[in-house]
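Visitor: can you look at this prediction? I've put the sequence above it.
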2 protein chains.
Amino acid sequence: MAIEKKIDCVILGLLSHEDLTGYEIKKRMDTSLKYFWGASYGSIYPTLSDLVKQGFAVKRDGAENNRNKIIYSITEEGRSYLKDWLRIPAEKDELRYETLLKLFFGNEAGVLQAISHIDTFEEKIEKELADLIGVADVLRNDIETDETHKYYLLTVEFGIKTYRAYLEWCKEAKAMLSEERE
Amino acid sequence: MAIEKKIDCVILGLLSHEDLTGYEIKKRMDTSLKYFWGASYGSIYPTLSDLVKQGFAVKRDGAENNRNKIIYSITEEGRSYLKDWLRIPAEKDELRYETLLKLFFGNEAGVLQAISHIDTFEEKIEKELADLIGVADVLRNDIETDETHKYYLLTVEFGIKTYRAYLEWCKEAKAMLSEERE
DNA sequence: AATAAAATGTATCAAACTGATATATAAAAC
DNA sequence: GTTTTATATATCAGTTTGATACATTTTATT
């Protein structure tokens, strides 16, 4: 039983915390995980079907009150599969920054345009850093209540550290580019 | 003429510096660009054909001395397309770190395994940081000769800054996890 | 000099994944 | 009372990866 797709493991990871619908899984991706992982509906829904077929998850009808939703739970086999995946070292840590790409080819467009790209990046990072600091504060408060939050906080602190480094770089990069102009 | 695929722009960007074969483009991806962008043969060769069809590149037979290789050059139309793309702000800066994913679900596997993932990450980053520092030294020396190297250096310094932040985080994260154990 | 190994070069393909979109209902806001 | 937003499932064309096949040339080893 080879450990293949990452998306399988991510969804099982989320289901190991709590029962979720496909829609809720997508929400987790777009909030808690968005700084280091992403997934689209086009991968989530088919994967949920596969997980059920493989016996790693079970679905039940969640029509309790109102809406026709499908709630998924992890099985023992699923939890064991997840643990196997967690044991093996991470294979790939990848960054894909269009900002750096445009900067790399900056000679074609000139200094002013390069500075403009850095400005845009800086603003975005400042906003996201403020967000992350907020999340970290909340997490530090209820870290005693929920064990999983300790690990969650670790990833948030990774974000805060690197975003601060990004902002330092923005300042230095712009200074370097500006001084070239004189 | 909408600006669609990123891979088109990356290849045109590389061709704006120098004429290249598909194989050489892949090499650039795996060296100069690898810290912030990647591409596979499966996207490079078909894209080169498309670029020729669209008139953004021309190919010529490079069988001068020995090997049957195909050398691609950017056209004026290609350069103009590239400039258009460089003008518009970056749309997506994305991080996809499996290490953070495994850490996020760390509660399932425990503190020791989390520390082990951080150790692996730390070692990899230390190696890559040493690499980047070497590249930066080389670039700073010939920055006068080649204008494009100024922009190249900017992206390398981004890497150095963030990798140092990563290493700081590794230490703090491990300290936090270790103290929890007592 | 012979042979093995590594590098250069083009090319394709199944499988994975994204981004967009379609559809429908329920809750909230105006 | 009506528009807008949120909840919820689902699919699909187009993009991209990772692996592999194939062939030649250069470098390293014996």
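Guide: Perfect, thanks for sending it.
Visitor: for residue A:6, which non-adjacent residue is spatially closest?
Guide: residue B:98 (7.0 Å; Cβ to Cβ, 6 or more residues apart in numbering or on different chains). Just so you know, the C-beta spots here come from the backbone N, C-alpha and C atoms, and that holds for glycine as well.
Visitor: helix or strand: which one has the closest residue to DNA strand C within chain A?
Guide: DNA strand C sits closest to residue A:42 of chain A, with a gap of 2.4 Å, by Cβ to the nearest atom of the strand. Assigned by DSSP states H and E, residue A:42 belongs to helix A:41-53.
Visitor: quick one, helices of chain A?
Guide: A:6-17, A:22-30, A:41-53, A:76-87, A:98-104, A:111-141, A:148-180 (DSSP state H).
Visitor: out of these, which one sits most buried?
Guide: The highest average neighbour count among these, using mean count of other Cβ atoms under 10 Å in any protein chain shown, belongs to helix A:98-104 at a mean of 24.
Visitor: ok, residues contacting that helix?
Guide: Residues outside helix A:98-104 that contact it (Cβ atoms under 8 Å, 6 or more residues apart in numbering or on different chains) are A:109, A:114, A:117-118, A:120-121, B:6, B:9-10, B:13, B:32-33, B:36-37, B:85-86, B:90-93, B:151-152, B:154-155, B:158.
Visitor: stretch A:6-23 too?
Guide: Contacts for stretch A:6-23 (Cβ under 8 Å, 6+ apart): A:3, A:25, A:28-29, A:33, A:37, A:39, A:41, A:43-45, A:47-48, A:50-51, A:56-57, A:62, A:69-74, A:78-79, A:81-82, A:85, A:148, B:98, B:101, B:104-105, B:108.
Visitor: within reach of DNA strand D, which of the residues you listed are there?
Guide: Subset of the contacts of stretch A:6-23 in contact with DNA strand D: A:41, A:45, A:48, A:62, A:69-71, counting by Cβ under 7 Å from any atom of the strand.
Visitor: now the residues you listed as CSV including distance to residue A:141 and pLDDT?
Guide: Below are those laid out as CSV (distance: Cβ to Cβ, whole Å; pLDDT from 0 to 100):
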residue, distance to residue A:141, pLDDT
A:41, 33, 97
A:45, 35, 97
A:48, 33, 97
A:62, 30, 76
A:69, 31, 91
A:70, 33, 95
A:71, 29, 96
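Visitor: of the residues you listed, which pair is most distant in space?
Guide: A:41 and A:62 (17.9 Å; Cβ to Cβ).
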